[in-house]
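> Model the structure of this input:
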Amino acid sequence: MTELGLSNADLVKASTEQLTFKMVQKARKGKPLTPNVRNKIIAALKTLGVTVPGSKGTGRSSCDSLDIISGGLV
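Okay, here's the model as predicted:
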């Protein structure tokens with residue numbers, strides 16, 4: 001997210017669901033996330049036009065798809 005120039009506020013504003021700053025910060029730190037929070041973050045990233053590898057249109061995502069948050073791009 002840092003490499004993309006996205007802040008926590010960008011994700012919270014882009015989210016159509018109830019996504020909080022606390023949820024985004026946990027993801028940035030690499031803490032374990034519930035599937036619900038993971039899906040909310042992925043949906044917010046997709047709203048911003050970020051391609052999330054490993055996520056499918058079914059609403060479910062693999063743990064690998066959050067490498068963009070907790071790993072490589074934070």
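> Give me the most central residue, this structure.
Ile41 (3.1 Å; Cα atoms, centre = their mean).
> Verify the contact between it and Leu19 for me.
Yes - judged on Cβ atoms under 8 Å, Ile41 makes contact with Leu19 at a distance of 6.8 Å. (C-beta placed from N, C-alpha, C; glycine too.)
> Find residues that contact each of the two.
Common neighbours of Ile41 and Leu19, counting by Cβ atoms under 8 Å, 6 or more residues apart in numbering, are Leu11.
> quick one: stretch 18-37 to chain centroid distance?
Relative to its chain's centre, stretch 18-37 lies at 8 Å (Cα atoms, centre = their mean, to the nearest Å).
> can you check stretch 40-49 too?
In terms of Cα atoms, centre = their mean, the centre of stretch 40-49 is found 6 Å from the chain centre.
> how about it: buried residues?
Neighbour counts over stretch 40-49 (16 or more other Cβ atoms under 10 Å) mark 40-45 as buried.
> again with stretch 25-32
Residues of stretch 25-32 classed as buried by neighbour count (16+ other Cβ under 10 Å): 26-28.
> Relative to Thr51, which of the residues you listed is nearest.
Ranked by distance to Thr51 (Cβ to Cβ), these are led by Ala27 at 17.1 Å.
> Okay, and the closest one sits in which element?
helix 21-29 (DSSP states H and E).
> Just the C-alphas of whichever helix or strand comes after that helix, formatted as CSV.
Using DSSP H and E, the helix or strand that follows helix 21-29 in sequence is helix 35-47. Extracted in CSV, the C-alpha atoms of helix 35-47 (Å, rounded to 0.1, in the frame of the first residue of the first chain):
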residue,chain,number,x,y,z
PRO,A,35,-12.1,-13.5,6.8
ASN,A,36,-14.7,-10.8,7.1
VAL,A,37,-12.1,-8.0,7.7
ARG,A,38,-9.9,-9.5,5.0
ASN,A,39,-12.7,-9.4,2.5
LYS,A,40,-13.6,-5.8,3.4
ILE,A,41,-10.0,-4.7,2.8
ILE,A,42,-9.8,-6.5,-0.5
ALA,A,43,-13.1,-4.9,-1.6
ALA,A,44,-11.8,-1.4,-0.7
LEU,A,45,-8.6,-2.1,-2.7
LYS,A,46,-10.6,-3.2,-5.7
THR,A,47,-12.7,0.0,-5.4
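> Before I go, just wanted to say thanks for your time.
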